[in-house]
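S.K.: predicted model, plus sequence, below.
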Amino acid sequence: MFKQLMIASGTLMLAACGPVQTDSEVYQDGLVYCSEGNPEIFNPQLVTSGTTVDATSAQLYDRLLDYDAKQQQFVPALARGWQAFDQGRRYRFNLRENVQFHDTDWFTPTRTFNADDVLFSFQRWLNQQHVYHQVNGGRYPFFRSSGLIKLIEKVEKIDDYTVDFHLVQSDSSFLANLATDFAVILSAEYAQQLIAEGNPEQIDRLPVGTGPFEFEMFRKDFVIRYSAHEGYWREQPEIKTLVYVITPNANKRMLKLLTGECDVIPYPLVNELSQLDQDAKIQVGSSVSPNVSFWAFNTQHPPFDNVVVRRALAHAINRPAIIQTIYDGNARLATGMLPETSWAYSPVQQTYPYDPAKARELLAEAGFPNGFSMDIWAMPVQRAYNPNAHRMAELIQSDLAQVGVQANIVSYEWNTFRQRLVNGEHDSVLIGWVADNADPDNFFRPTLSCAAARSGNNRAQWCNPEFDQLLVDAITESDLDQRKHLYQAIEDFVMQQAPLVPIANSLRFQAHRDDIEGVELPPYGGINFRYARRVTDAPL
Amino acid sequence: MLRYSLRRIVLLIVTLWLLSLLIFSLNYWYPGDSLTNMTGIAINDTLAYQQAHSARGFDNGIISQYGLFVSHLFQGDWGLSLVTQQPVFAEIKPLLGATIELGLLAMLLAMILGIPLGVYAAVQQRGPIDRVIMGISLSAYSIPVFWLAQLFILLFAVKLGWSPISGQINPLYAIETQTGSILIDIWLSDTEFKAAALSDALNHLWVPVIVLAIMPLTMLIRIMRNAVLDVLQQNFIKAARARGLSDATIMFRHTLPNALQPVIRQLGLQFSVLMTNIVITEVIFNWPGLGSWLVKSIYERDFPVIQAGLLILASLILFVNVLVDLAHAWRYPQVRKEIDAE
């Protein structure tokens, strides 16, 4: 017995000390992406979290149309084409034929994609009486906050490959919203099968779509596995096995990239980026992410209901210094809500330069010559728009001390944090926004409108009817130049009222091994592995 | 022996009963709704909640609630995870497999290295090699596991590139999780890359096994050394020497079997220490076992999972301790007499 154990352990140790084997085709056709967290569910309709979008939208599903950020235009996807009728109040989509759904262990499609699937995918969240509406929560946050749920009056099937969308009013952001990662197309046939089986919850847990990859398995906290969809209607993905390894720790992600255990990682730590860049085996990619980080005041809490106080605080903080410290030069000072890459961007006239003297003056005017005490909530996670909210809060804290305002930094676990924000328990918060689509409306309506204040997404709890009217004016206008002027007015209005202080527009980073090519990080939406491939001539 | 075994088993049952009482009470001490904490069914899932309400006896007193709680435990209905809404009991098997695999290998390594080293140190008592072994084992004993693990990762994975940083196997190998023990799963799987997968798994395995083995290893060396020294003082060893037996015979026939007695008694205790360390090791090496599962559930306030994790880990430690005690008493009759004081 003893001897056997000795031998067994001996072989174990011998086998273990060999070099890491990399010469099998398993590695050649596979790609490991070390993602930063678990997806909540496998259907982006139900969430707004970027982690879930990264894991699902571009991999498992397709949309009716896609947005091509390079050419700044919409391109056909599951819809071959579309036309607008009735002054933009009706859109007709001609659907693509012979599009295959995933053929998996849990579902074998008997037909290809058609109008019924479009109807099902939209009715699910539009129609509150729909059998699937309440399944897995019944909250459709993107469609609610973007106003799409109210905008679409009905979806009508004309024939098997033609669908009409009737809108309540003309809306220039409609197509942009349909091209987002959230407006995915599910299989109606699969939904029916699950109802018959009495197991509708499965639709978002064992997903079926038309996308380039099929879902294979998910083990919470460890791994998600996808395989290439053999019958994909566009070009076949080169990667045969796509694996997401869930690695929440940013340092460990970086190390695993260095050792080659990860091929691609998101959100590398900004201050170690330069160090990563020197290593020839690693390449760092960035994309201009349409985001803005801001410091929002809870305008329901005195003294932040007073616009003079808000302006004073905006003058009190040294934003250029913050950007230097936190982003290490990888971000730009935000002049307004819109980033420079948006077509509606124009420099805002009235900004808030760093001016402590002016801040004191304004505070005195507002009746606080000796300052006051307030809370700054700093989010506990890194986001593309803010890699270190806690450090930023500390910088702001010291800036505020200069003008006599005493700030306490508050933080909670991320889910609790967001829940308490929705309840409006904060004085002020350091958070931000990543746009879901290219339309400038997406920077204002989900963050600052009265509807957003009701749903809790408006971190300033700020509701101004005048501002809402401006938004409606801008969205119903279809002339581009006119819209641009209107958004300029909106920017000026936000600046003047200062419900929040925009801080930075940053880049979103992703790092990968140098033998990986074609991982797309579109400015709007999640990571895309459709064109990813491993370059063979790199020494293995 | 029978009497002794019965006593141990009764003690085990009483301890398990106390454990179940504690776990049952946790449901009422945690914040939130007790029934939700117990079953993982949210209040707003009205129908399922009503069913659980009567099935768990929440219309009746606390005694019947406890009775139903225990009967559900035995039926394998351990509630749903609050986070994933999946049955907790079904998740346990692969996690337990992964934990036992890691723990068993570490324990084996500790025994295989610890016992000979301890004996050797005892034989060389006060010699330079004894001092080196004891010095190293004392310093290794003083290194906390979480630090050692990080150190090994930096050294073996990042600096030398001999092993991967974390995980059980490169996830590109499609190994289906059946038992949770990666070596057995590879054996059972139908992958065409069995040999490559096995070597990759071993590559992932050796660093956590060594990290985990260090603590029991150092303890075993010291216990073994002292035990051998004790035995060597005994009269029957002197008698054996006087009869002219060779050193080897004395060692293997007379010293070792007797010196192993305190070592075996210590194994149960060492297993408890190992289980504490395995929690830390699993978290650091991202090992899909009970420990990392328990720690994550604590972060996520997933009460049904916390309970299941506590229950399984605690019962595992209890069972192993009782088994070791029984084996010990069966092998060394004099122990039974000591305990029974007959």
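M.R.: Thanks, I have the structure now.

S.K.: and the pLDDT at residue 68?
M.R.: The chain I'm using is chain A. The per-residue pLDDT reported for residue A:68 equals 84.

S.K.: nope, chain B
M.R.: With respect to pLDDT, residue B:68 scores 90.

S.K.: cool, and residue A:11?
M.R.: With respect to pLDDT, residue A:11 scores 43.

S.K.: any idea which helix or strand carries the most centrally placed residue in chain B?
M.R.: The centre of chain B sits closest to residue B:275, judged by Cα atoms, centre = their mean, with a distance of 3.9 Å. According to DSSP states H and E, residue B:275 maps onto helix B:256-284.

S.K.: and that helix with chain A, contact?
M.R.: No: remark: helix B:256-284 sits outside contact range of chain A, by Cβ under 8 Å from any Cβ of the partner chain, the gap being at least 9.1 Å. All C-beta atoms are positioned from the backbone trio N, CA, C, and that covers glycine.

S.K.: what residues does the stretch 351-500 of chain A put near chain B?
M.R.: residue A:413.

S.K.: how far away is the residue of the stretch 351-500 of chain A found nearest chain B from residue B:298?
M.R.: Proximity of the stretch 351-500 of chain A to chain B (Cβ to the nearest Cβ) peaks at residue A:413, 7.7 Å away. Computed with Cβ to Cβ, to the nearest Å, the distance linking residue A:413 and residue B:298 is 12 Å.

S.K.: what residue ranges in chain A score low on pLDDT?
M.R.: Per-residue confidence for chain A (pLDDT under 70) gives these ranges: A:1-24, A:270-271, A:273-274, A:276-280, A:348-350, A:536-540.

S.K.: how about the helices of the stretch 1-150 of chain A, start to end?
M.R.: A:2-16, A:25-28, A:50-60, A:115-126, A:141-145, A:148-151 (DSSP state H, counting those that start in this stretch).

S.K.: can I get the CA coordinates of the second one in PDB?
M.R.: Extracted as PDB, the C-alpha positions of helix A:25-28 are listed here (Å, rounded to 0.1, in the frame of the first residue of the first chain):
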ATOM      1  CA  GLU A  25      -5.500  21.800 -31.800                       C
ATOM      2  CA  VAL A  26      -7.600  22.400 -28.800                       C
ATOM      3  CA  TYR A  27      -5.600  25.600 -28.300                       C
ATOM      4  CA  GLN A  28      -5.500  26.500 -31.900                       C
END
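
S.K.: just the buried positions in that helix, please.
M.R.: A:26, A:27 (16 or more other Cβ atoms under 10 Å in any protein chain shown).

S.K.: with the last one instead?
M.R.: Neighbour counts over helix A:148-151 (16+ other Cβ under 10 Å) mark A:148, A:151 as buried.

S.K.: from the contact counts, what lies against it?
M.R.: Judged by 3 or more Cβ pairs under 8 Å, 6 or more residues apart in numbering or on different chains; DSSP states H and E, the packing partners of helix A:148-151 are helix A:174-178.

S.K.: against which helices or strands is the very next helix or strand once past the helix it packs on packed?
M.R.: Going down the chain from helix A:174-178, the next helix or strand is helix A:188-197, by DSSP H and E. Packing partners of helix A:188-197 (3+ Cβ pairs under 8 Å, 6+ apart): helix A:115-126.

S.K.: now do the helix holding residue B:275: distance to the chain's middle.
M.R.: 8 Å (Cα atoms, centre = their mean, to the nearest Å).

S.K.: just to revisit the earlier point, is it true that the residue nearest to the centre of chain B touches residue B:103?
M.R.: Yes: in this structure, residue B:275 is within contact of residue B:103 by Cβ atoms under 8 Å, at 7.0 Å.

S.K.: quick one, helices of the stretch 351-500 of chain A?
M.R.: A:356-365, A:389-402, A:414-422, A:441-448, A:450-455, A:465-476, A:480-497.

S.K.: picking that back up, excluding covalently adjacent residues, which one is nearest to the residue nearest to the centre of chain B?
M.R.: residue B:317 (5.5 Å; Cβ to Cβ, 6 or more residues apart in numbering or on different chains).

S.K.: sec struct for the one you found, please.
M.R.: Classification of residue B:317 by DSSP: H, G, I helix; E, B strand; the rest coil places it in helix.

S.K.: same thing with the one 4 residues further on?
M.R.: Three-state secondary structure (criterion: three-state DSSP) places residue B:321 in helix.

S.K.: get me the contact residues on the stretch 151-300 of chain A for chain B.
M.R.: A:201, A:216, A:219-223, A:225, A:241, A:243, A:245, A:247, A:252, A:255-256, A:258-259, A:261.

S.K.: what about the residues you listed, which are in strands?
M.R.: Here DSSP state E is the test, and those give A:216, A:219, A:223, A:225, A:241, A:243, A:245 as lying in strands.

S.K.: could you dump the residues you listed to TSV with neighbour count?
M.R.: What follows is these, written out as TSV (neighbours: other Cβ atoms under 10 Å in any protein chain shown):
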residue	neighbour count
A:216	17
A:219	15
A:223	20
A:225	20
A:241	20
A:243	24
A:245	24
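
S.K.: got JSON lines for these, with distance to residue A:185 too?
M.R.: Shown next, in JSON lines, are those (distance: Cβ to Cβ, whole Å):
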{"residue": "A:216", "distance to residue A:185": "20"}
{"residue": "A:219", "distance to residue A:185": "27"}
{"residue": "A:223", "distance to residue A:185": "26"}
{"residue": "A:225", "distance to residue A:185": "23"}
{"residue": "A:241", "distance to residue A:185": "24"}
{"residue": "A:243", "distance to residue A:185": "25"}
{"residue": "A:245", "distance to residue A:185": "28"}
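
S.K.: what residues does chain B put near chain A?
M.R.: B:83-85, B:105, B:108-109, B:111-112, B:153, B:157-158, B:161-167, B:170-174, B:177, B:193, B:196, B:198-200, B:202-203, B:205-206, B:286, B:288, B:292-293, B:296, B:299.

S.K.: select only the buried ones of the residues you listed in ChimeraX?
M.R.: Selecting the buried subset of the residues of chain B next to chain A in ChimeraX, with 16+ other Cβ under 10 Å as the burial test, is done by:
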select /B:83,84,105,108,109,111,112,153,157,162,163,164,165,166,167,170,171,172,173,174,177,193,196,198,199,200,202,203,205,206,286,288,292,293,296
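
S.K.: show me the residues of chain B next to chain A that map onto helices.
M.R.: Residues of the residues of chain B next to chain A located in helices (DSSP state H): B:105, B:108-109, B:111-112, B:196, B:198-200, B:202-203, B:205-206, B:292-293, B:296, B:299.

S.K.: how long is stretch A:451-466 from one end to the other?
M.R.: One end of stretch A:451-466 sits 13 Å from the other (Cα to Cα, to the nearest Å).

S.K.: now stretch B:278-293
M.R.: End-to-end for stretch B:278-293, by Cα to Cα: 12 Å.

S.K.: if we can go back for a sec, pick the most buried one from the helices of the stretch 1-150 of chain A.
M.R.: Most buried of the helices of the stretch 1-150 of chain A by mean neighbour count (mean count of other Cβ atoms under 10 Å in any protein chain shown) is helix A:50-60; its value is a mean of 24.

S.K.: does it come close to chain B?
M.R.: No: counting by Cβ under 8 Å from any Cβ, chain B is not contacted by helix A:50-60; separation bottoms out at 13.9 Å.

S.K.: show me what that helix is in contact with.
M.R.: For helix A:50-60, the external contacting residues (Cβ atoms under 8 Å, 6 or more residues apart in numbering or on different chains) are A:35-44, A:47, A:102, A:181-182, A:184, A:207, A:209, A:211-215, A:224, A:226, A:242, A:244, A:266, A:383, A:434, A:520, A:525-530.
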